[in-house]
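Undergrad: Have a look; sequence and predicted model below, questions after that.
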Amino acid sequence: MAALTRLLKPSSSASTSLLFRRSLSTTTAAVSEIQSQHHQSPNFSDPKPSRNFQWVFLGCPGVGKGTYASRLSNLLGVPHIATGDLVREELSSSGPLSRQLADIVNQGKLVSDEIIFDLLSKRLEAGESKGESGFILDGFPRTIRQAEILDEVTEIDLVVNLKLREDVLVEKCLGRRICSQCGKGFNVASINAKAENGRPGMSMAPLLPPPHCASKLITRADDTEQVVQERLRVYNEKSQPVEDFYKNQGKLMEFDLPGGIPESWPKLLEALNLDDYEVKRSAVA
Ligand SMILES: Nc1ncnc2c1ncn2[C@@H]1O[C@H](COP(=O)(O)OP(=O)(O)O)[C@@H](O)[C@H]1O
């Protein structure tokens, strides 16, 4: 596969996607260094910093990676690239991969690394040709091999690991809905998990669609209870080691979600030292 070959051999091509350029400007080992470089004293009068954010979001199915990654992508002006979305786009096409992917995804299994690299490389190349720079990756890397290859070809600045109790994750997955027209995600679950075994209780209000989306909601075929349980099992087996991979590099920021979006979003911005970022950006806009 050509794209995978390029991914594996970053130095073989001079003009390639973002992934293939190892940044010389950042030699970060510690997240705090990255944060001070990017956020504590950002130059808001410079609309084109030399290097944009290259972040990864990790977390179990249903934790809200897509929601928070997409909000941060709007805030920071970098693309939110979710490999799950790339897989679903391929699934909904009539391409040769579609049938093969449907079987894998609907059983809650992982797609092969090769297919994921191919889809991701194409997405990054398309973005680069439109002038995109930086990224927030969501759902990638999901295996140690994916993490190692990504590490070979680019510098990841920060890895945010979102965490939520498992019973809530399942409820959230079962409540997920997507507008078949605009593609936006919603959640109809009203969560009230009791405090137990030393864990605090947790409430999350549903994220309901506006009236023009309400009649067009669909549920992902892999958001059934059985498939969600299998995805959680696969996550614990294949993706949890990725957390340790980044922990060892000093890039992992663990974030326990305290509740729904209204409680969690301001706290996440605070943890990322971005709480005054929005205000300053809008002030210079
Ligand atoms: N990096 C990846 N490696 C392998 N398979 C992936 C990857 N990203 C997405 N997929 C496939 O797409 C499905 C949906 O992904 P995603 O939307 O990220 O789901 P989740 O809600 O489980 O985080 C996964 O269950 C898997 O089959």
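TA: Here it is on my side, so go on. Residues are numbered from 1 along each chain as shown.
Undergrad: going forward, measure contacts and count neighbours with C-alpha atoms only.
TA: Fine.
Undergrad: Run through the residues that contact residue 255.
TA: Going by Cα atoms under 8 Å, 6 or more residues apart in numbering, residue 255 touches 160, 161, 162, 163, 268.
Undergrad: you'd agree it is in a strand?
TA: Yes: under DSSP: H, G, I helix; E, B strand; the rest coil, residue 255 falls within a strand.
Undergrad: How far away from the center of its chain is stretch 255-271?
TA: In terms of Cα atoms, centre = their mean, to the nearest Å, the centre of stretch 255-271 is set 16 Å apart from its chain centre.
Undergrad: And stretch 222-230, by the same measure?
TA: Relative to its parent chain, stretch 222-230 has a centroid offset of 20 Å by Cα atoms, centre = their mean.
Undergrad: what do you get for stretch 60-73?
TA: Its chain's C-alpha centre and that of stretch 60-73 lie 6 Å apart, by Cα atoms, centre = their mean.
Undergrad: Return the set of residues that bridge with residue 218.
TA: residue 178 (DSSP bridges).
Undergrad: How much space separates it from residue 149?
TA: When Cα to Cα, to the nearest Å is the yardstick, residue 218 and residue 149 sit 35 Å from each other.
Undergrad: now residue 239
TA: Distance, residue 239 to residue 149, using Cα to Cα: 15 Å.
Undergrad: neighbour-wise, which of these two wins?
TA: Neighbours were counted for residue 239 and for residue 149 using other Cα atoms under 10 Å; residue 239 has more, 23 against 15.
Undergrad: where does residue 20 land on pLDDT?
TA: At residue 20, the pLDDT value in this model is 33.
Undergrad: Then residue 199?
TA: Looking at residue 199, the pLDDT reads 80.
Undergrad: got a list of what residue 242 touches?
TA: Applying Cα under 8 Å, 6+ apart, we find residue 242 in contact with 141, 142, 143, 144, 147.
Undergrad: With residue 227 instead?
TA: Shown in contact with residue 227 (Cα under 8 Å, 6+ apart): 106, 107, 108.
Undergrad: try residue 135
TA: So residue 135 contacts 52, 53, 54, 55, 73, 78, 79, 80, 81 (Cα under 8 Å, 6+ apart).
Undergrad: Alongside the ligand, which residues does the stretch 151-285 of the chain contribute?
TA: Contact residues of the stretch 151-285 of the chain with respect to the ligand, defined by Cα under 6 Å from any ligand atom, are listed as residue 231.
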